[in-house]
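Enquirer: using only what follows, build the 3D model:
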Amino acid sequence: MIVLRVSHPAHSTGRPDGRPVLARAKSVQTTLKTSVSFTGTGLHTGRAVRVTVNPASAEYGIWFHRTDVTDRNPMIPARWDAVSNTELNTCISNSDGVAVSTIEHLMAALAGCGVHNALIEINGPEVPLLDGSSAQFVSAILARGIRRLEAPVRAIRVLKPIVVNHDGASATLEPSDELEIDFKIEFSDAVIGEQEKHLNMANGAFVRELCDSRTFCRSADIDAMRDRGLIVGASVTSAVVVDGDKVITPGGMRHADEPVRHKMLDALGDLSLAGAPILGRYLGHKAGHAMTNRLLRALFADPSAYEMIECDEAMVARLPGAGLRRADTARIAA
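Expert: Numbers count the residues shown, from 1 in each chain. Have a look, this model is predicted:
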């Protein structure tokens, strides 16, 4: 497949306020070596869908192409300002109202593998849930291999703290030399309770520590969500279902703290919609898709809070996907 190069604001040569990026020693963007496809069922729609992640040229960014849409613009940028719905998933749409939902697990896989450019073709409105994590996406992406492209990697360096709060939840971005994620959750179900985790996302941390952690829900909430037309495609094999002090899903949890790990997985996928890797520390407390998107909107609303930089090799070594080896997939759940 030949993918044409297109202009994409997330990878422009200057900041959104017109100031130039800071020059650094050369580093290079990446894409997949070959296309990879996945088939499955959408979490909320329950519809069968096929998605194919294709290589793309330098500066392309990440775009979704709804191949089943022929009467309107089928192209949707995977970007923070295209987010149109954050109820139990992240949904993006374009100005024609063409949308793709539940993109966060695939986006986390691309970010966690250090992929900067891809064209994602999908023949329906929702990315398949697969096993409820990013593991199958990651395994297939790494099996295809990552190709280096002749264009510099740009990153968003956080310069001062940005905080958003809503209904007891909070999300924060603070300055840091790498992407760090701190997350804390609190649930009344004893099997979850309070969980907290911190990770530096470089050196394959996403693949080793987070990518196989599945989405989760409380058994008591399932009927109410389905009455509202949500989680139609969910099952106990594609999510961790808990009830008080019990895990209903066969086999139990993959990690004792799988729920907070999955929240961190979601956060990486949602942060990747910034359009470039972030150098900063993300702190989430009871946060979800809506809070992370609010945080990105607050960041980009304040030009003094960040700068776009061209990364040298030392900076690239601190980004998600850096230092990743194929052997790191050995512990991913099948």
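Enquirer: quick one, strands of the stretch 151-300 of the chain?
Expert: In the stretch 151-300 of the chain, the strands defined using DSSP state E, counting those that start in this stretch lie at 154-158, 162-166, 169-174, 179-186, 194-200, 216-218, 240-243, 246-247, 278-285.
Enquirer: let me have these in CSV, adding mean pLDDT and mean neighbour count as columns.
Expert: From N, CA and C alone the C-beta is placed, and that goes for glycine too. As requested, the strands of the stretch 151-300 of the chain are exported to CSV (pLDDT from 0 to 100; neighbours: other Cβ atoms under 10 Å):
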stretch, mean pLDDT, mean neighbour count
strand 154-158, 97, 22
strand 162-166, 98, 16
strand 169-174, 98, 20
strand 179-186, 97, 20
strand 194-200, 97, 14
strand 216-218, 82, 20
strand 240-243, 87, 20
strand 246-247, 92, 16
strand 278-285, 98, 23
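Enquirer: would you turn these into TSV with distance to Leu32?
Expert: Below are the strands of the stretch 151-300 of the chain laid out as TSV (distance: least, Cβ to Cβ, whole Å):
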stretch	distance to Leu32
strand 154-158	19
strand 162-166	32
strand 169-174	29
strand 179-186	21
strand 194-200	25
strand 216-218	29
strand 240-243	29
strand 246-247	35
strand 278-285	22
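Enquirer: those strands: which one's closest to Gly323?
Expert: Gly323 sits nearest to strand 194-200 of all the strands of the stretch 151-300 of the chain, at 10.9 Å, using Cβ to Cβ.
Enquirer: average pLDDT across the following helix or strand past the closest one?
Expert: Per DSSP states H and E, the first helix or strand lying C-terminal to strand 194-200 is helix 205. For helix 205, mean pLDDT rounds to 93.
Enquirer: other SSEs contacting helix 205?
Expert: Using 3 or more Cβ pairs under 8 Å, 6 or more residues apart in numbering; DSSP states H and E as the contact test, no helix or strand touches helix 205.
Enquirer: any idea how far it is from the chain center?
Expert: A distance of 14 Å separates the centroid of the chain from that of helix 205, by Cα atoms, centre = their mean, to the nearest Å.
Enquirer: quick one: contacts of it?
Expert: Applying Cβ atoms under 8 Å, 6 or more residues apart in numbering, the external contacts of helix 205 come out as 199, 320.
Enquirer: so in this structure, where's the weakest helix or strand by average pLDDT?
Expert: Within the chain, no helix or strand scores below helix 219-227, which has a mean of 66 by mean pLDDT, DSSP states H and E.
Enquirer: what sits against the residue lying farthest from the centre of the chain?
Expert: Residue farthest from the centre of the chain, counting by Cα atoms, centre = their mean, is Asp245 at 29.6 Å. Contacts for Asp245 (Cβ under 8 Å, 6+ apart) come out as 189-191.
Enquirer: hmm, try it at 10 Å
Expert: Residues near Asp245 by Cβ atoms under 10 Å, 6 or more residues apart in numbering: 189-193.
Enquirer: now list the buried members of those residues.
Expert: For the contacts of Asp245, a burial check counting by 16 or more other Cβ atoms under 10 Å picks out 189, 191-192.
Enquirer: which of those sits closest to Arg147?
Expert: Proximity of the buried ones among the contacts of Asp245 to Arg147 was ranked by Cβ to Cβ; the top entry is Ile192 with 40.0 Å.
Enquirer: Thr249 versus the closest one, what's the distance?
Expert: 13 Å (Cβ to Cβ, to the nearest Å).
Enquirer: joint contacts of these two?
Expert: Common neighbours of Ile192 and Thr249 (Cβ under 10 Å, 6+ apart) are 216, 240, 242, 258.
Enquirer: farthest pair in the residues you listed?
Expert: Going by Cβ to Cβ, the pair spanning these furthest: Val242 and Glu258, at 10.1 Å.
Enquirer: which stretches in this structure count as helices?
Expert: Assigned by DSSP state H, the chain shows helices spanning 104-112, 135-144, 205, 219-227, 258-271, 289-300, 313-316.
Enquirer: out of these, deepest packed?
Expert: helix 104-112 (a mean of 28; mean count of other Cβ atoms under 10 Å).
Enquirer: give me the pLDDT value at Arg228.
Expert: pLDDT, read off for Arg228, is 66.
Enquirer: let me fix that, I meant to ask about Met201.
Expert: At Met201, the model reports a pLDDT of 94.
Enquirer: same thing with Ala314?
Expert: For Ala314, the predicted pLDDT is 91.
Enquirer: wait, doesn't it sit right on Val153?
Expert: No: assessed by Cβ atoms under 10 Å, Ala314 is found out of contact with Val153, at 11.8 Å.
Enquirer: ok so, going back, of the shared contacts of Ile192 and Thr249, which is the nearest to Pro175?
Expert: Set against Pro175, the nearest of the shared contacts of Ile192 and Thr249 by Cβ to Cβ is Glu258 (30.0 Å).
Enquirer: from Met315, how far off is Leu88?
Expert: Computed as Cβ to Cβ, the Leu88 to Met315 distance reads 35 Å.
Enquirer: with Pro125 instead?
Expert: Counting by Cβ to Cβ, the gap from Pro125 to Met315 is 37 Å.
Enquirer: now do Asp177
Expert: 8 Å.
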